[in-house]
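Visitor: From the sequence below, what's the structure:
(one chain, ligands or ions: 1)
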Amino acid sequence: MKRRLLVVLAALLVGAALGSLSCAPAPPRSVILIVIDTLRADHLGLYGYQRPTSPELDAIAQQGAVFENAFATSPWTLPSFGSLFTGRLPAEHRAGWRSGGADEGRSFLPMRDGVATLAETLAATGRDTGAIMNNAFLHPDFGVARGFQTYDHIGGNRRKIRRADEVVDSTLEWLRKEDRGDFFLVVHFFDPHLNYDAPEPFRGRWGADIDAEERNELMDLRPLRQRIRQGEEIDWDFLVGAYDEEIAFVDQEIGRLWRALQDSGTLAESLVVLTADHGEEFNDHDGFEHGHTLFDELVRVPLVVWGPGVEPGRRTAPVSLIDIYPTVLGALALPAQDGLPGRSLVPHLKGDSPPLSRTLIAERTLYGQHRESALAWPYKVIFEPQRGEVMLFDLESDAAERQDIAHLRSDIADDLLAQLEAYRQHAESIALEEAVEPDEKTLENLRSLGYIQ
Ligand SMILES: [Zn+2]
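Guide: Residues are numbered from 1 along each chain as shown. I've put the predicted structure just below:
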């Protein structure tokens with residue numbers, strides 16, 4: 001009798017253990033990282049935008065973890081992608097504009113050799129690695145292709161890019177390869193970047209219906225910059241409308257990609273991360289485009305994560321693009337890597353959101369004064385070392401960063417400045433690598449985008 005009871009009990013316990021095991025989903029096999037160039041978070045419905053730019057994403061985001069306070073490490077493509085791919089801050093991966101020196105303006109630092117990339121790490125686990133990239137700053141010469149077995153790069157320029165529909169076609173083609181195993185795939189959309197010229201039926205939806213020639217004239221970055229500098233009247237509503245049309249086009253194509261992933265069964269086995277490398281300014285702080293400041297219109301990016309074990313919902317903890325690398329390792333149940341400054345967001349993906357006490361750094365401005373910022377929620381300091389200018393904002397009460405409170409809360413500003421100083425010393429301790437002179441075609445594309453003269 002006693003023995004029988006014990007057997008029953010043992011069976012129950014084993015059953016319970018198996019039951020709890022079967023409740024925990026297996027880790028995702030594959031990873032899809034979607035990066036939408038130049039997409040500021042607050043122009044998506046899921047981040048509160050009133051104009052219906054993102055019906056597909058708004059719906060899909062209901063099934064994922066939406067990070068409300070995600071920040072890029074830089075306001076332009078190359079340093080930001082360096083952080084995405086290495087999990088490190090710009091000073092450590094070094095991909096970005098080289099300041100100073102006779103060759104300033106044409107030479108760039110590539111991503112440092114010897115710094116492990118996410119693609120290398122995942123390739124070492126036997127996964128296929130691929131990337132579909134569309135920005136001249138994502139040319140393999142800048143080191144960003146390291147670890148990818150296939151790197152499908154088209155260096156778009158202002159007038160000719162691979163559009164979102166073609167990007168999705170290329171993505172599906174890559175995924176359909178006959179012997180495709182588990183994989184890591186990066187899908188990069190370039191459309192919201194200048195030139196704003198969404199195709200029909202989005203063209204003219206919000207940017208007013210004007211003919212192509214006039215549009216191109218308006219979109220030409222260099223004369224436009226000149227006009228802004230000279231204080232000329234600019235039709236910001238038109239520019240914002242035309243930008244939003246591009247977002248809506250990408251949104252439609254992401255919906256198409258999503259359904260294809262669903263139908264093929266890929267989605268159920270994958271971790272999907274969607275983010276942006278930086279935002280875009282429309283006169284929020286008297287400027288246009290990106291690369292020039294560290295205000296939120298340029299560094300606050302969308303971040304949504306889906307996958308097995310991800311609890312849908314909103315997350316308020318401040319997070320950074322450097323967190324994606326350790327998060328992917330954690331979600332795939334791979335060993336963590338030493339020395340990465342970011343945090344694994346896996347506890348947040350499971351719904352548990354412990355507050356993160358941390359300071360997020362952004363830097364490597366592309367134009368004008370070099371700037372650095374440090375954010376310890378909700379306070380963000382922006383510092384210009386050359387002029388010694390300090391600004392402090394409370395993002396909780398002043399999300400638009402209108403009221404500089406550095407003089408009122410100098411204690412907070414000083415503390416954040418000390419952290420920036422420590423970061424700068426760390427940066428200086430890392431030797432400068434050789435700069436890269438891009439080939440003539442890349443230079444031409446960068447000129448056309450207005451990045452260099
Ligand atoms: Zn970019």
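Visitor: Pick out the residue of the stretch 51-200 of the chain closest to the ion.
Guide: As assessed by Cβ to the ion, the ion sits closest to T77 within the stretch 51-200 of the chain, at 3.2 Å. Backbone N, C-alpha and C define where each C-beta goes, glycine included.
Visitor: Could you report the pLDDT at that residue?
Guide: Looking at T77, its pLDDT reads 96.
Visitor: Hmm, D37 and it touching each other?
Guide: Yes. Contact criterion Cβ atoms under 8 Å: T77 and D37 qualify, at 6.7 Å.
Visitor: The two: which has the busier surroundings?
Guide: In terms of neighbours (other Cβ atoms under 10 Å), T77 is the more surrounded of T77 and D37; the figures are 30 against 27.
Visitor: next one: phi and psi at the more buried one?
Guide: Backbone torsions of T77, given as degrees, to the nearest 10, read phi -60, psi -60.
Visitor: List the contacts of the residue lying closest to it once chain neighbours are set aside.
Guide: Excluding the flanking residues, the one nearest T77 by Cβ to Cβ, 6 or more residues apart in numbering is F137, at 4.3 Å. With contacts defined as Cβ atoms under 8 Å, 6 or more residues apart in numbering, the neighbours of F137 are 76-78, 81, 108, 446, 451.
Visitor: how far away is F137 from E311?
Guide: As defined by Cβ to Cβ, to the nearest Å, F137 lies at a distance of 35 Å from E311.
Visitor: For this structure, which helix extends over the most residues?
Guide: Among all segments of the chain classified by DSSP state H, the helix with the greatest residue count is helix 236-264.
Visitor: For V310, which residues are in contact?
Guide: For V310, the contacting residues are 64-65, 271, 349-350, by Cβ under 8 Å, 6+ apart.
Visitor: and the residues you listed near the ion, which?
Guide: Restricting the contacts of V310 to those near the ion by Cβ under 5 Å from the ion leaves nothing, as none qualifies.
Visitor: And those, which is the shakiest by pLDDT?
Guide: For these, the pLDDT minimum is K350, 94.
Visitor: which stretches of the chain have low pLDDT?
Guide: Across the chain, the stretches falling below the confidence threshold (pLDDT under 70) are 1-23, 97-106, 156-159, 208-221, 431-437, 449-453.
Visitor: which bits of it sit near the ion?
Guide: 37, 77, 277.
Visitor: One more pass at 8 Å, please.
Guide: Residues of the chain lying close to the ion by Cβ under 8 Å from the ion are 37-38, 76-77, 80-81, 135, 137, 193, 276-278, 290.
Visitor: Among the residues you listed, name the buried ones.
Guide: The neighbour count (16 or more other Cβ atoms under 10 Å) marks 37-38, 76-77, 80-81, 135, 137, 193, 276-278, 290 as buried among the residues of the chain next to the ion.
Visitor: Now intersect these with the strands, please.
Guide: Taking DSSP state E as the definition of strands, these contribute A276.
Visitor: Verify the stated contact: F67 with V319.
Guide: Yes. A contact is recorded between F67 and V319 when judged using Cβ under 8 Å, the distance being 5.3 Å.
Visitor: More neighbours: which of those two?
Guide: Taking F67 and V319 together and counting by other Cβ under 10 Å, F67 has the greater number of neighbours (26 against 23).
Visitor: how far away is that one from A123?
Guide: Noted for F67: a distance of 27 Å to A123, by Cβ to Cβ.
Visitor: Contacts only, for H188.
Guide: H188 makes contact with 35-37, 131-135, 138, 167 under the criterion Cβ under 8 Å, 6+ apart.
Visitor: and what of V328?
Guide: For V328, the contact set (Cβ under 8 Å, 6+ apart) comprises 31, 33, 118, 122, 271, 273.
Visitor: so the fifth one is in which element?
Guide: Assigned by DSSP states H and E, L271 falls within strand 270-276.
Visitor: Number of residues surrounding R146?
Guide: Number of residues near R146 (other Cβ under 10 Å) recorded here: 21.
Visitor: again, but for A136
Guide: Neighbours of A136 (other Cβ under 10 Å): 26.
Visitor: My read is that it contacts I154, right?
Guide: No. Using Cβ under 8 Å, A136 and I154 do not qualify as a contacting pair, with a distance of 9.4 Å.
Visitor: Can you read off the backbone torsions of the closest residue to I405 other than its chain neighbours?
Guide: Spatial nearest neighbour of I405, excluding adjacent residues (Cβ to Cβ, 6+ apart): L392 at 5.1 Å. As for L392, its main-chain torsions (degrees, to the nearest 10) stand at phi -130, psi 130.
Visitor: for L392, which residues make a bridge with it?
Guide: For L392, the beta-bridge partners are V381 (DSSP bridges).
Visitor: Could you check how many residues crowd around it?
Guide: As a burial measure, L392 scores 23 neighbours (other Cβ under 10 Å).
Visitor: dump the residue contacts of it.
Guide: For L392, the contacting residues are 379-382, 404-406, 409, 412-413, 416, by Cβ under 8 Å, 6+ apart.
Visitor: I'd like to know which of these is nearest to the ion.
Guide: When those are ranked by distance to the ion (Cβ to the ion), I382 comes first, at 20.0 Å.
Visitor: returning to that earlier point: so of the contacts of F137, which ones are in helices?
Guide: Among the contacts of F137, the members found in helices (DSSP H) are 77-78, 81, 446.
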